[in-house]
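*Asks:* After the sequence you'll find the predicted model.
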Protein chains: 2
Amino acid sequence: MINQNIKIAVDAIVFGYEKGTLYVLAVQQRFGELADRWVLPGGFIKDDEPLLVAVERELKEEAGIMVNYLEQLGTFGDDIYRDDRFRVISVAYFALVNPKNFVLKADTDAKDAKWFPVKQIPQLGYDHNEMVKLAHQRLKSKLTYQPIGFDLLDPEFLFSDLENLYCSILERDIDRRNFRKKILSFGIVKETDKVVKIGASGRPGKLFTFDKAKYNQLLKDNFQFDIRFA
Amino acid sequence: MINQNIKIAVDAIVFGYEKGTLYVLAVQQRFGELADRWVLPGGFIKDDEPLLVAVERELKEEAGIMVNYLEQLGTFGDDIYRDDRFRVISVAYFALVNPKNFVLKADTDAKDAKWFPVKQIPQLGYDHNEMVKLAHQRLKSKLTYQPIGFDLLDPEFLFSDLENLYCSILERDIDRRNFRKKILSFGIVKETDKVVKIGASGRPGKLFTFDKAKYNQLLKDNFQFDIRFA
DNA sequence: TAGCTTTGTGTTCTTTTTACACAAATAAGA
DNA sequence: TCTTATTTGTGTAAAAAGAACACAAAGCTA
């Protein structure tokens, strides 16, 4: 039997969005060399635990959250000293959540859990800043070809919320009329009959929902979600 | 220190293309339970070996090849019994090579190495058929937004070679004129002054090359390679 | 030299994308 | 209550990109 002295961990880059700002979840380590240091939520996997289960467990343990969207981002194992205690290979996951759904609570291993604006992330432990960077790129590009923006919003949202999300994450201006036209042309966003007014002034707006069933159905017919603007 | 009884391996899905057919490289195991079974090239990584180095080593050892293109595909670790001896998590890599560049030779661990047409891949060991499937999807989609097709061709190729590659891998017809117009409009494919005739009949054609330097330069200006047809 | 095969090339029509401005609904303050 | 500020909601015209389409040129073979 092969002898190997390498440990396997999972880490998660969890994005949250609120009022025009994109956030990443970090936790403060309680134990170890890097005690007090901010790192991504994550940890070693158990011998009989699928990777996905391990990520979900760590997110629950360390921050008390359940995410809306989760996919593998990539595996970090080329720098053999990325953890200076011993060799650790980490499988990074990319996750989206609506921050309103949870009150962050550091449970077991973590001293604290906190949302950092993606533009103001402190120096994290290990190679976690690299992971965030890669995840951020993934988010930006995925936003244009998969309807994952909805996983960052409330189930019912104003059209302007969706538009602002795209503007702020992709960091560019969007023509409001063209955006609306295009999104509605897909037929995966439905208008509800609720009209609400947020904030102090302005005309009230209709609430919209993302019709996931419709989207999945369209996928079977080779539908391709695609948003790109000038 | 954490106790974990999990081993880490790498596997590679290496695609080759020749005369309208897409191939995948497989090797026949020499030892172990699955002796004689065809599997993807790969193996356990060494304690002090970066993942990428491990893949390249295995490809050299098991098949005697060096690839043109290599990127991480994904990590397989959700099925904890994917290897029935003990738990193995495998990091799969996606690779492209021009089969003409090498004579396959099984070296150390492998009894034999062989190209299988992607349409006729036998049942492979472990979850390797799944890996091939995922890699095949990646190839198809990546072909449309990154100029990786050139890594499957000779450095100098006929336009029809490129066109046939796209047709056969994407499994659809392509309008020859529109394809040529579009590719040439990018400015990353240069016409050489060589004219050759392959095969028995027909008008000779010019050879073309992919100008990678030009492509990298365009990338800095936000150039987006993109090929989609009706 | 007639017939087969492969390369090479332009134009028209259709669809998609871009650019752009004003009225309607509400709140606040004069 | 009227004016101002703010946000939602909507259509059209011009430009660009994509789709559809056919025939001549070069070489080989019989």
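*Replies:* Everything's here; your move.
*Asks:* Around chain B, which positions in chain A sit nearby?
*Replies:* A:1-2, A:4-8, A:44-45, A:47-53, A:72, A:74-75, A:77-80, A:85-87, A:89, A:91 (C-beta under 8 Å from any C-beta of the partner chain). Placement of C-beta: from N, CA and C, glycine included.
*Asks:* Quick one, which of the residues you listed are buried?
*Replies:* Buried members of the residues of chain A next to chain B, scored by 16 or more other C-beta atoms under 10 Å in any protein chain shown, are A:4, A:6-8, A:44-45, A:49, A:51-52, A:72, A:74-75, A:77, A:80, A:87, A:89, A:91.
*Asks:* So which of the residues of chain A next to chain B belong to helices?
*Replies:* A:51-53 (DSSP state H).
*Asks:* OK, contacts around A:Leu152?
*Replies:* Each residue near A:Leu152 by C-beta atoms under 8 Å, 6 or more residues apart in numbering or on different chains is listed here: A:15-17, A:68, A:96-98, A:165.
*Asks:* between those residues, which is closest to A:Ile148?
*Replies:* Nearest to A:Ile148 among the contacts of A:Leu152: A:Leu96, at 6.1 Å, using C-beta to C-beta.
*Asks:* helix/strand/coil for that closest one?
*Replies:* Using DSSP: H, G, I helix; E, B strand; the rest coil, the secondary structure recorded for A:Leu96 is strand.
*Asks:* ok, what's across the strand from it?
*Replies:* Beta bridges link A:Leu96 to A:Phe15, A:Tyr69, judged by DSSP bridges.
*Asks:* That one touches A:Met66, doesn't it?
*Replies:* No: A:Leu96 is beyond contact range of A:Met66, at 11.6 Å (criterion: C-beta atoms under 8 Å).
*Asks:* Enumerate the residues of chain A near DNA strand C.
*Replies:* A:175-178, A:181-182, A:195, A:197, A:200-204, A:226, A:228-230 (C-beta under 7 Å from any atom of the strand).
*Asks:* Give the burial count for the residue in chain A positioned nearest to DNA strand D, as a bare number.
*Replies:* The minimum distance from chain A to DNA strand D, using C-beta to the nearest atom of the strand, falls at A:Gly202 (2.1 Å). A:Gly202: 9 surrounding residues under other C-beta atoms under 10 Å in any protein chain shown.
*Asks:* And for A:Glu156?
*Replies:* 14.
*Asks:* Is the residue nearest to it when sequence neighbours are not counted part of a helix or strand, or is it coil?
*Replies:* For A:Glu156, ignoring the flanking residues on the chain, the nearest one in space by C-beta to C-beta, 6 or more residues apart in numbering or on different chains is A:Leu207 at 4.2 Å. Following three-state DSSP, the label given to A:Leu207 is strand.
*Asks:* quick one: contacts for A:Leu207?
*Replies:* A:Leu207 neighbours (C-beta under 8 Å, 6+ apart): A:156-158, A:191-192, A:194-196.
*Asks:* buried sites along the helix or strand harbouring A:Ser160?
*Replies:* Applying DSSP states H and E as the criterion places A:Ser160 in helix A:159-170. Neighbour-count burial for helix A:159-170 flags A:159, A:161-167, A:169-170 (criterion: 16+ other C-beta under 10 Å).
*Asks:* what's the average pLDDT for the biggest helix by length in chain A?
*Replies:* Determined from DSSP H, the single longest helix within chain A is helix A:128-145. Averaged across helix A:128-145, the pLDDT comes to 98.
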